[in-house]
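> Here is a sequence with its predicted model. Questions after.
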Amino acid sequence: MRKFIILIFLGLLSMISYSLNFSVSPTKFDIDMKQKKTYELEIVNNTGNILRITSFFEKKEGYKSLAENIIVFPKKISIKPGGKKDIRFTIRDLEKLEAGSYKNLFVIREIEPRNNNIEIVDNKDQIFNINIITEVALHINGVKK
């Protein structure tokens, strides 16, 4: 019975992890505010189609923002089905930042595909696809003393 429950749990876990069009790791970054460093994250395409992704930053309320100081390469990527790509970012001008707590959200969003697959059959039925756009927000935290 225990093995059966574990098997069901692992099955549900795998269904949840592949329900998103892409997966990202790691999901949180603690920034070293003393020295310049390049951070890297990996994005995996979980679909059978080419996936286009863009990235940007959002400010968290009540905290200072690092968005103006972060350089991302590349900002837009395309990933083959089942493929992996890396996005890197670095924070510049650390010495010029004021002391305090910095928090941002690094948002990774799927670019909506152009879908012209609407077909009219006998003027009665419409066949169309519904695309769900995936968006993941990663925490970027840093404290400068």
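All right, it came through fine. Residues are numbered from 1 along each chain as shown.
> low-confidence ranges in this structure?
Confidence mapping of the chain against pLDDT under 70 gives the ranges 11-19, 114-131.
> so which strand or helix has the spatially most central residue of the chain?
Nearest residue to the geometric centre of the chain (CA atoms, centre = their mean): Ile108, 3.4 Å. Take DSSP states H and E as the rule and Ile108 turns out to sit in strand 100-110.
> So what touches that strand?
21-22, 24, 29, 31, 33, 43, 51-60, 63-67, 70, 87, 89, 133-144 (CB atoms under 8 Å, 6 or more residues apart in numbering). (Each C-beta comes from the backbone N, C-alpha and C, glycine too.)
> Relative to Ile70, how far out is the residue nearest to the centre of the chain?
As judged by CB to CB, to the nearest Å, Ile108 and Ile70 stand 14 Å apart.
> for Ile87, same thing?
12 Å.
> What of Arg52?
21 Å.
> circling back to that earlier point, how close does the residue nearest to the centre of the chain sit to Lys3?
37 Å.
> Looking at Arg52 and Ile70 now, which is surrounded by more residues?
Ile70 (17 against 14; other CB atoms under 10 Å).
> for that one, phi and psi?
phi -100, psi 130 (degrees, to the nearest 10).
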